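Enquirer: Kindly return the folded structure for what I paste below:
(one chain, ligands or ions: 1)
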Amino acid sequence: MAARKPLIAGNWKMNLNHLEAIGVTQKLAFALPGKYYDVVDVAVLPPFTDLRSVQTLVDADAMPITYGGQDLSPEDSGAFTGDVSGAMLAKLGCTWVVVGHSERRTIHGEDDALVNRKVRAALRHGLTPILCLGEGEDVREAGDHVRYCTAQLDGALEGLAADDVAKIVLAYEPVWAIGTGKTAGVSDAQEVCHALRERLREVHGGPVADGVRILYGGSVKSDNVADLVKSDDVDGALVGGASLNPEGFAELCALA
Ligand code: PEP
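Expert: Have a look, this model is predicted:
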């Protein structure tokens, strides 16, 4: 089986202006010694307005962190007021872009078809989509979470070639665990991450399934990250609230 290096990605959501972003990125670089980057990939996902500041710091200090956007347009350019294209993110040196976060699905009504178009747009521009999937509390209570998440995966990846699927990162984020302080138990996270990997194996083949990184997200903190990433099919974490404190986020990355 391919070795998968853990990835810890901090989703800042709509927090921190570009000046605050400079401070947080500098503190993060200072707090996380270089040796850790050999064993864990560290990324930050700031608001669009902060990306240029983060890029400047990363370039100037040759810091080994990577960064990306929290969303992108499915289109490449044109009359799409307020949208940001994959080409624009790529030009800013982004490695990643979050696609299908539950806050986009819920607040902005994004469905699997749109998520699929966004995944394709990201890949067209050489960005790695961090494709978020996850069930709400009602689905979990009905015991339908595995079917629900694999269906979301199928919809988001429909029609994609295995070569492209191999470039994607998945993030299993149960909606009931995001920003609530409730974390899925280690076995709950493993159950869904494993099911997603097996679905990749079935549809896109073993090498793709074994190579794709699957993150867990939902109230991840320093005190639960190590247990979560010990699971066979959990290859890191997508971290919201706990990524805003640079020292705390550095500690979390070191523990992963
Ligand atoms: C997220 O929104 O991606 C997330 C995981 O948030 P939190 O860690 O705050 O639950």
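
Enquirer: Next up, the contacts around P64.
Expert: G34, Y37, V42 (CB atoms under 8 Å, 6 or more residues apart in numbering). Backbone N, C-alpha and C define where each C-beta goes, glycine included.

Enquirer: Over to L127?
Expert: L127 touches G68, G69, L72, G86, L89, A90, C94, T95, W96, V97, counting by CB under 8 Å, 6+ apart.

Enquirer: hmm, which two among those are most spread apart?
Expert: Longest distance between any two of those is 13.0 Å, between L72 and T95; criterion CB to CB.

Enquirer: Mind checking which of those two has more residues around it?
Expert: Ranked by neighbour count (other CB atoms under 10 Å), L72 and T95 place L72 first, with 28 against 17.

Enquirer: Okay, and V98 sits in which element?
Expert: strand 96-99 (DSSP states H and E).

Enquirer: Say whether the ligand is contacted by that strand.
Expert: No - counting by CB under 6 Å from any ligand atom, no contacts exist between strand 96-99 and the ligand, the nearest distance being 7.7 Å.

Enquirer: Now the following helix or strand past that strand: buried residues?
Expert: Counting by DSSP H and E, the next helix or strand C-terminal to strand 96-99 is helix 102-107. Burial within helix 102-107, assessed by neighbour count using 16 or more other CB atoms under 10 Å, is assigned to S102, E103, R104, R105.

Enquirer: distance between helix 102-107 and the chain's centre?
Expert: Per CA atoms, centre = their mean, to the nearest Å, the displacement of helix 102-107 from the mean C-alpha position of its chain is 15 Å.

Enquirer: begin at 244 from here
Expert: With 244 as the first residue, the last one maps to helix 345-350.

Enquirer: V412 versus L443, what's the distance?
Expert: Distance, L443 to V412, using CB to CB, to the nearest Å: 12 Å.

Enquirer: which neighbours do the two share?
Expert: V455.

Enquirer: residue ranges for the strands of the protein, please.
Expert: For the chain, applying DSSP state E gives strands covering 250-254, 284-288, 309-312, 339-342, 371-376, 412-415, 457-460, 479-482.

Enquirer: Next, format the ones you listed as TSV and append mean neighbour count and mean pLDDT.
Expert: Shown next, in TSV, are the strands of the chain (neighbours: other CB atoms under 10 Å; pLDDT from 0 to 100):
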stretch	mean neighbour count	mean pLDDT
strand 250-254	26	98
strand 284-288	25	97
strand 309-312	24	98
strand 339-342	26	98
strand 371-376	27	98
strand 412-415	28	98
strand 457-460	28	97
strand 479-482	28	97
